[in-house]
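> after the sequence you'll find the predicted model.
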Amino acid sequence: MSEVSDIRPGEVAVDLPSAFDGGLYFIGRIRTPWTRRGECPRRGAADGPVCRLEVDPRWSAALEGLARSPRLQVLYWMHEARRDLVLQSPKHDGTTRGTFSLRSPVRPNPIASSVVDLVAVEGNTVLVRGLDCLDGTPLLDLKPEACAFA
């Protein structure tokens, strides 16, 4: 987690609420080659490395039929992101903008969404290309990109 001293010029932090409004179940962990935030690509690429979505065995049955979708939406929790900035100054352009106008991992609820290419489903492991997160990132949900079957 970042410290208040990590604030760039123009950025503004707020006090976080004292309690959470809801709960989540992490359904697994994401395995990628990146162990430090600075190593992660800004966006995942279809020709990027194969990453593993290791789904907790209790959710294995929920993977039934997933292999029929060539592309998936992966929702994950950016567990190392700070959560208190409302104005941010991205280092790549130096402007100051509101958190909700950016794709920055710094947000009140650090939920990320990536659309990835499905490589394979092997038991309770889903192999994909196109992710951009740290190794060990908590997995929140998987969805087919477009549901062809309701």
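Done, it's in.
> could you point out the longest strand of the chain?
strand 111-122 (DSSP state E).
> which elements pack onto the helix or strand following it?
The first helix or strand that comes after strand 111-122 along the chain, using DSSP states H and E, is strand 125-129. Secondary structure elements in contact with strand 125-129, counted by 3 or more CB pairs under 8 Å, 6 or more residues apart in numbering; DSSP states H and E, are strand 50-55, strand 71-77, strand 111-122. All C-beta spots, glycine's among them, are computed from the backbone N, C-alpha and C.
> how far away is Phe100 from Val106?
Remark: distance between Phe100 and Val106 (CB to CB, to the nearest Å) = 11 Å.
> quick check: pLDDT value at the residue nearest to Pro144 when sequence neighbours are not counted.
Spatial nearest neighbour of Pro144, excluding adjacent residues (CB to CB, 6 or more residues apart in numbering): Ser69 at 3.5 Å. With respect to pLDDT, Ser69 scores 94.
> so what's Arg29 bridging to?
When bridges are taken as DSSP bridges, the partners of Arg29 come out as Glu54, Pro138.
> looking at it, it is touching Leu134, isn't it?
No: under the criterion of CB atoms under 8 Å, Arg29 makes no contact with Leu134, lying 10.4 Å away.
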